[in-house]
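Engineer: My questions concern the predicted model and sequence given below.
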Amino acid sequence: MIQINQPQLSAGTLPTKIENPSTAPAAQIYSPGTAEFRYWAAAASLERASAFWSPLLPGVKWQVGKVLPVDLYHGEDFNAYYDRVGLRFFQGQAGSRTVYSCESPDIVCHEQGHAILDAIKPQLWDAASIEIGAFHESFGDMSAILCALQVPSMRHDVLAETSYSLYSNSSLSRLAEQLSWAIRQGHPTLVEPDCLRNAVNAFFYRDPNTLPSNAPATSLSSEPHSFSRVFTSAFFDGLARMFQTMPAQDEPNLLQVSTDMGKILIAGIRAAAVVSTFYSQVAVKMIASASSLFPGPYADALKSSFIKHGIISAASSQSIHQQFAMGITAMAAPMNESHDLPKMMIPVQEYGLGSDSIMVHSAVEPKQFNITGAALDVGPLQPVSEELQAKAFLEDLIRRGKLKAANQSEVNYAVKSITGSAPKVHYHHTHELVAEGDTMVLKRMRIDCGLKHM
């Protein structure tokens, strides 16, 4: 346990406000496990995330307005979510123990990460793409890792724990250990043996449309949290490689690398085209941004990690080099940050959704150059049509019980049997079909992190 100054949630350009409970306890030292300790632990995590990201995002405001509302006790569940209204945290019972998601710095910084990403790249919110949904989850975990590195004791401990080899299983790479324990009591295969997700893993990029909708934690699936682990691991590997380029592997340089990586990540996201193969676009823009912002070995460190994890194919290396020769500044320039993506009609008669076709927000922004993830055999993966990407996304939602139909009475038996098995509470649906005139439009309701109900 560490002692800190009283968190100032209203400070900075990304302020937050805890609305439940409505009254803050007195600012003093409390014992772990008390409601007062939970309040200030959550407040400290919220302040840490805002303090880390605010200087990197001048002029950026929350999608919800000036202040991001936070509810620490939204209901009973092993869950937390962001819904463009605020951050919602839950508590759940595991045996005789109550576990509060707001008590975990990893979970708080993860959920706040969703709001951060929504503020800088709002087009991702409604994008009908499995990979983009997974990137949102990856950003939450990357935010948790970078924010944890702002704590001096964490930097000290992780360097000792890993013998200065950062890309190792550690208290930094293991995310949300407490909530993982609670979920594991009833669903032992759903999470890692010692954490919710580990940023050190051996998963290699796959086309998410070819993966099962659900799988044990030991395997990769198209479920957003599961597939997010590919990008998170490449990011964490890249962070470790960047750290190794520093003159000394010590705490001040680890702190510096964390800030540098935050700048590179933000620049890469802003410059990336919103396409279904979003991982590779962010990766190549991060490499370009590293070269532009920090001339030196950072770009090669990142390129090595993204190739190793299959985010970009080895065959793309020469193409990236040629593009760099044409001008780094242009490659790293932000895309048009419009809030809306192009809309596309897709046929859905077979799903019995009460309409022969629906409108989706299609991830089809123009790419600067053609880079994709690695195939499992040789070369890059060949992208599939945007209609197929969108239908794969829709069917994935149906399989996992995440789609709320506009009129449940019109949903066919197959869809009813799946959505009917989902929890009888509204907040586990992430998407819904909304009538706009005579057209049904697929829209996101929330980014739900209730892994118990995947």
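Structural biologist: Thanks, I have it. Numbers count the residues shown, from 1 in each chain.
Engineer: distance of A290 from R206?
Structural biologist: Note on A290: its distance to R206, by C-beta to C-beta, to the nearest Å, is 25 Å. All C-beta atoms are positioned from the backbone trio N, CA, C, and that covers glycine.
Engineer: So I346: helix, strand or coil?
Structural biologist: State at I346, reduced to three classes by DSSP: H, G, I helix; E, B strand; the rest coil: strand.
Engineer: And for it, nearest residue in space, chain neighbours not counted?
Structural biologist: Across the structure, with C-beta to C-beta, 6 or more residues apart in numbering as the measure, the residue nearest I346 apart from its sequence neighbours is A390 (5.2 Å).
Engineer: ok, now L442?
Structural biologist: The shortest distance from L442 to any residue other than its chain neighbours is 4.8 Å, reached at V360 (C-beta to C-beta, 6+ apart).
Engineer: Going by contacts, tell me the helices and strands next to the one helix or strand that neighbour maps to.
Structural biologist: Taking DSSP states H and E as the definition, V360 sits inside strand 357-361. Helices and strands touching strand 357-361, as assessed by 3 or more C-beta pairs under 8 Å, 6 or more residues apart in numbering; DSSP states H and E, comprise strand 343-347, helix 386-399, strand 439-444.
Engineer: by how many degrees do it and helix 386-399 diverge?
Structural biologist: 100 degrees (axes from the mean of the first three to the mean of the last three C-alpha atoms, to 10 degrees).
Engineer: Could you check strand 357-361 and say which residues are buried?
Structural biologist: Within strand 357-361, the residues scored as buried using 16 or more other C-beta atoms under 10 Å are I358, M359, V360, H361.
Engineer: how about the residues you listed in a markdown table, adding distance to G373?
Structural biologist: Conversion of the buried residues of strand 357-361 to a markdown table gives the following (distance: C-beta to C-beta, whole Å):
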| residue | distance to G373 |
| --- | --- |
| I358 | 28 |
| M359 | 28 |
| V360 | 22 |
| H361 | 22 |
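Engineer: nearest to G12, of those?
Structural biologist: Compare each of the buried residues of strand 357-361 with G12 using C-beta to C-beta and the shortest gap goes to H361, at 31.0 Å.
Engineer: Who are the contact partners of the closest one?
Structural biologist: Contacts for H361 (C-beta atoms under 8 Å, 6 or more residues apart in numbering) come out as Q123, D126, A127, A128, D340, L341, P342, K343, L442.
Engineer: Excluding sequence neighbours, find me the nearest residue to S226.
Structural biologist: Leaving aside its sequence neighbours, S226 sits nearest to L220 (C-beta to C-beta, 6+ apart; 6.0 Å).
Engineer: okay, now the one you found: neighbour count?
Structural biologist: Burial of L220 is recorded as 19 neighbouring residues (other C-beta atoms under 10 Å).
Engineer: now swap in Q91 and tell me
Structural biologist: 20.
Engineer: Phi first, then psi, for it.
Structural biologist: Per-residue torsions, Q91: phi -130, psi 150 (degrees, to the nearest 10).
Engineer: For PyMOL, write the select line for the buried members of the contacts of H361.
Structural biologist: Here is the PyMOL selection string for the buried members of these, based on 16+ other C-beta under 10 Å:
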select buried, resi 123+126+127+128+341+442
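Engineer: Could I get the full set of helices for this structure?
Structural biologist: 35-53, 105-120, 130-148, 152-162, 177-186, 224-244, 251-271, 278-293, 298-308, 317-326, 328-331, 386-399, 413-419 (DSSP state H).
Engineer: quick one: contacts for the residue nearest to I346?
Structural biologist: A390 neighbours (C-beta under 8 Å, 6+ apart): A128, S129, M344, I346, V360, S362.
Engineer: Also A315?
Structural biologist: Contact criterion C-beta under 8 Å, 6+ apart gives A374, V378, G379, P380 as the residues in contact with A315.
Engineer: what bridges to L433?
Structural biologist: According to DSSP bridges, the residues that bridge with L433 are L442.
Engineer: quick one, what contacts it?
Structural biologist: Contact analysis of L433 by C-beta under 8 Å, 6+ apart lists L353, G354, S355, I358, L403, K404, A405, A406, M440, V441, L442, K443.
Engineer: quick revisit: closest one of the buried residues of strand 357-361 to P295?
Structural biologist: H361 (37.2 Å).
Engineer: looking at it, F203 is touching V230, isn't it?
Structural biologist: Yes: under the criterion of C-beta atoms under 8 Å, F203 is in contact with V230, at a separation of 5.0 Å.
Engineer: okay, those two: which has more neighbours?
Structural biologist: Looking at F203 and V230 with other C-beta under 10 Å, you find the greater number of neighbours at V230, namely 25 against 18.
Engineer: JSON lines please, covering the contacts of L433 and showing distance to E177 and pLDDT.
Structural biologist: Converted to JSON lines, the contacts of L433 look like this (distance: C-beta to C-beta, whole Å; pLDDT from 0 to 100):
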{"residue": "L353", "distance to E177": "40", "pLDDT": "89"}
{"residue": "G354", "distance to E177": "43", "pLDDT": "85"}
{"residue": "S355", "distance to E177": "44", "pLDDT": "90"}
{"residue": "I358", "distance to E177": "40", "pLDDT": "96"}
{"residue": "L403", "distance to E177": "32", "pLDDT": "94"}
{"residue": "K404", "distance to E177": "32", "pLDDT": "88"}
{"residue": "A405", "distance to E177": "37", "pLDDT": "73"}
{"residue": "A406", "distance to E177": "40", "pLDDT": "61"}
{"residue": "M440", "distance to E177": "42", "pLDDT": "95"}
{"residue": "V441", "distance to E177": "40", "pLDDT": "96"}
{"residue": "L442", "distance to E177": "35", "pLDDT": "97"}
{"residue": "K443", "distance to E177": "34", "pLDDT": "96"}
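Engineer: So what's the residue count around V60?
Structural biologist: Applying other C-beta under 10 Å, I find that V60 has 14 neighbouring residues.
Engineer: from what I can see it touches L14, true?
Structural biologist: Yes: at 7.2 Å, V60 counts as touching L14 under the criterion of C-beta under 8 Å.
Engineer: can you list residues touching both of those two?
Structural biologist: The contact sets of V60 and L14 overlap at A119 (C-beta under 8 Å, 6+ apart).
Engineer: With mean pLDDT added, can I get the helices of the chain in a markdown table?
Structural biologist: Supplementary listing: the helices of the chain in a markdown table, determined by pLDDT from 0 to 100:
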| stretch | mean pLDDT |
| --- | --- |
| helix 35-53 | 97 |
| helix 105-120 | 98 |
| helix 130-148 | 98 |
| helix 152-162 | 97 |
| helix 177-186 | 92 |
| helix 224-244 | 98 |
| helix 251-271 | 98 |
| helix 278-293 | 95 |
| helix 298-308 | 96 |
| helix 317-326 | 68 |
| helix 328-331 | 53 |
| helix 386-399 | 95 |
| helix 413-419 | 46 |
